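> got a sequence here, can you build the structure:
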Amino acid sequence: MPSSSSRPARFSVAFPDDGSVPYVVLPLGSIWPSHPEAAAIANLIWDSGHRDRDWGMTVSRCIEARAIAGRHARGVDALGNPVSAQVRDGARRVLKKLDTGLRALAAHGVAGAAEGSISLSEAVASLGGDGSDSHGTPQRPMFVLTWSPRPQDMSSAELVEHRGYWLDKIQSTEGEVTSDGWWSTGSRIGGISEGDDLVLFLHGAGGGIIASGTAASEVYEDSADGTNWIDVEWEHWVAAEDCLPVELLRSSIAPRFFEFAPRGSGQRLSDEEAASLKRAWQELLGQSPSLSGDEAGVRVPGGQTVPEGAISRAEVNRYERSRWARAECLKHYGRTCQVCGLDFEERYGELGRGFMHVHHVTPLHEIAGNPEYRLVPIKDLRPVCPNCHAMLHRPKDRTLSVEELRLHLNRYI
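Predicted structure coming up:
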């Protein structure tokens, strides 16, 4: 598997022309492969020259690497000696990538891949879920990167490029796949190590945490202009509508840090607030990402609509489509239709668990253009089934209230 001058597609499967064993391209990075046990089986096929590397892994290499990474993720090598915290944390990330790689090989019918694709949960079952291992090793430091885009000042072409970049990041970090990138650290010139946690804070109206990942390098200076940067392995990106909102960050999650908007990129959170933010972020990522039905778009200047995930200066506050708002609504009302009483789990069993539309009490077209509007989930949202949701919006001249539709339905029961 020779090195390539052009970067291969990550998680793609290659069938060499010489008939040698097929392999999958995995972004194993530079941290975990630096350990001698890992270096013995990982095969570098692409190197940017700046810690950005891809590895060609056959089925047998994936299986062997997973055994080694599983051991390192528990903090020890083959002789029982402790490994560094960076190698341990890198191994945890590598386990997910190896699992994804084996599934990719299995999908292409490569012999042995399906049998080797053992559940990742077995490999990390003994690891703590809060960033500590079973021996109580402290969590990694967390740093907040910042972004201050101004879509309202962009040309049409710039807005398309801006939106495309964001949507590409959302799509490229779906599931267990990660996406490499880099980001400015502002005035910070050091103090961030490979493997440290990073989150990205979006400034401006409707701002909050929109992405998370890990540092793939230390801070370095761009010799051309003297600015400071860090390589990032992005693990999750969400749309602005689905961010962890600054109001929650200030009120309960990390109030000391976010009392004022972060003044610059690269600031470190206290360990206590970092742990709180990580829990809230993981909870948000586990929520269904949007409302549904006729509320699938928000209005922007000119009367156009923007589909979920689009980046624009929407006139409707982004809470309309946020995981947080949906979660708060369902926490209060439960997952029972407020019109007909349907509970999808009760009706369909496991298949229906967690499914329910959420209806906006005030029609979105009435909210658009009101800069003072702020959504209150319990007051402004109601859980409804898809049928009742459609009926609420069916009249051409207005939207029925939940109470009106319930009375109408009761006449025919």
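> what's the average pLDDT for stretch 335-352?
The pLDDT scores in stretch 335-352 average 89.
> stretch 404-413 too?
Here stretch 404-413 scores 87 as its mean pLDDT.
> what of stretch 36-51?
The average of the pLDDT scores along stretch 36-51 is 72.
> how far away from the center of its chain is the helix or strand hosting residue 62?
Assignment of secondary structure by DSSP states H and E places residue 62 within helix 59-73. Chain-centre distance of helix 59-73: 25 Å, with C-alpha atoms, centre = their mean, to the nearest Å.
> next secondary structure element downstream of the lengthiest strand in the chain?
Ranked by number of residues, the top strand in the chain under DSSP state E is strand 228-237. Once the chain leaves strand 228-237, the next helix or strand it forms, by DSSP H and E, is strand 244-245.
> rewinding a little: tell me what the longest strand of the chain is packed against?
helix 156-172, strand 179-186, strand 208-215, strand 220-221 (3 or more C-beta pairs under 8 Å, 6 or more residues apart in numbering; DSSP states H and E). (C-beta placed from N, C-alpha, C; glycine too.)
> hey, what's the angle from that strand to helix 156-172? Just curious.
Using axes from the mean of the first three to the mean of the last three C-alpha atoms, to 10 degrees, the direction of strand 228-237 lies 60 degrees away from that of helix 156-172.
> where are the low-confidence patches of the stretch 101-250 of the chain?
114-139, 151, 167, 171, 174-177, 205-206, 241 (pLDDT under 70).
> show me where the chain has its helices.
36-39, 59-73, 85-107, 113-116, 120-123, 156-172, 246-248, 271-285, 323-333, 344-348, 364-367, 377-380, 386-392, 402-410 (DSSP state H).
> can you lay out those as JSON lines showing distance to residue 181 and mean neighbour count?
As requested, these are exported to JSON lines (distance: least, C-beta to C-beta, whole Å; neighbours: other C-beta atoms under 10 Å):
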{"stretch": "helix 36-39", "distance to residue 181": "24", "mean neighbour count": "16"}
{"stretch": "helix 59-73", "distance to residue 181": "23", "mean neighbour count": "22"}
{"stretch": "helix 85-107", "distance to residue 181": "15", "mean neighbour count": "22"}
{"stretch": "helix 113-116", "distance to residue 181": "29", "mean neighbour count": "17"}
{"stretch": "helix 120-123", "distance to residue 181": "24", "mean neighbour count": "14"}
{"stretch": "helix 156-172", "distance to residue 181": "8", "mean neighbour count": "14"}
{"stretch": "helix 246-248", "distance to residue 181": "23", "mean neighbour count": "19"}
{"stretch": "helix 271-285", "distance to residue 181": "18", "mean neighbour count": "17"}
{"stretch": "helix 323-333", "distance to residue 181": "23", "mean neighbour count": "19"}
{"stretch": "helix 344-348", "distance to residue 181": "38", "mean neighbour count": "13"}
{"stretch": "helix 364-367", "distance to residue 181": "33", "mean neighbour count": "15"}
{"stretch": "helix 377-380", "distance to residue 181": "33", "mean neighbour count": "15"}
{"stretch": "helix 386-392", "distance to residue 181": "38", "mean neighbour count": "18"}
{"stretch": "helix 402-410", "distance to residue 181": "44", "mean neighbour count": "14"}
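> so which of these gets nearest residue 193?
Between residue 193 and the helices of the chain, the tightest spacing by C-beta to C-beta is seen for helix 85-107, at 6.8 Å.
> then the closest one to PDB, C-alphas only?
Extracted in PDB, the C-alpha atoms of helix 85-107 (Å, rounded to 0.1, in the frame of the first residue of the first chain):
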ATOM      1  CA  ALA A  85      -3.000   9.800  29.100                       C
ATOM      2  CA  GLN A  86      -2.700  11.000  25.500                       C
ATOM      3  CA  VAL A  87      -2.300   7.500  24.200                       C
ATOM      4  CA  ARG A  88      -5.100   6.200  26.300                       C
ATOM      5  CA  ASP A  89      -7.500   8.900  25.100                       C
ATOM      6  CA  GLY A  90      -6.300   8.500  21.500                       C
ATOM      7  CA  ALA A  91      -7.000   4.800  21.700                       C
ATOM      8  CA  ARG A  92     -10.600   5.500  22.700                       C
ATOM      9  CA  ARG A  93     -11.100   7.500  19.600                       C
ATOM     10  CA  VAL A  94      -9.300   4.900  17.500                       C
ATOM     11  CA  LEU A  95     -11.700   2.200  18.700                       C
ATOM     12  CA  LYS A  96     -14.600   3.900  17.100                       C
ATOM     13  CA  LYS A  97     -12.800   4.400  13.800                       C
ATOM     14  CA  LEU A  98     -11.600   0.700  13.700                       C
ATOM     15  CA  ASP A  99     -15.200  -0.400  14.200                       C
ATOM     16  CA  THR A 100     -16.400   1.900  11.400                       C
ATOM     17  CA  GLY A 101     -13.600   0.600   9.200                       C
ATOM     18  CA  LEU A 102     -14.500  -3.100   9.700                       C
ATOM     19  CA  ARG A 103     -18.100  -2.300   8.900                       C
ATOM     20  CA  ALA A 104     -17.000  -0.600   5.700                       C
ATOM     21  CA  LEU A 105     -14.900  -3.600   4.700                       C
ATOM     22  CA  ALA A 106     -17.800  -5.900   5.500                       C
ATOM     23  CA  ALA A 107     -20.100  -3.900   3.300                       C
END
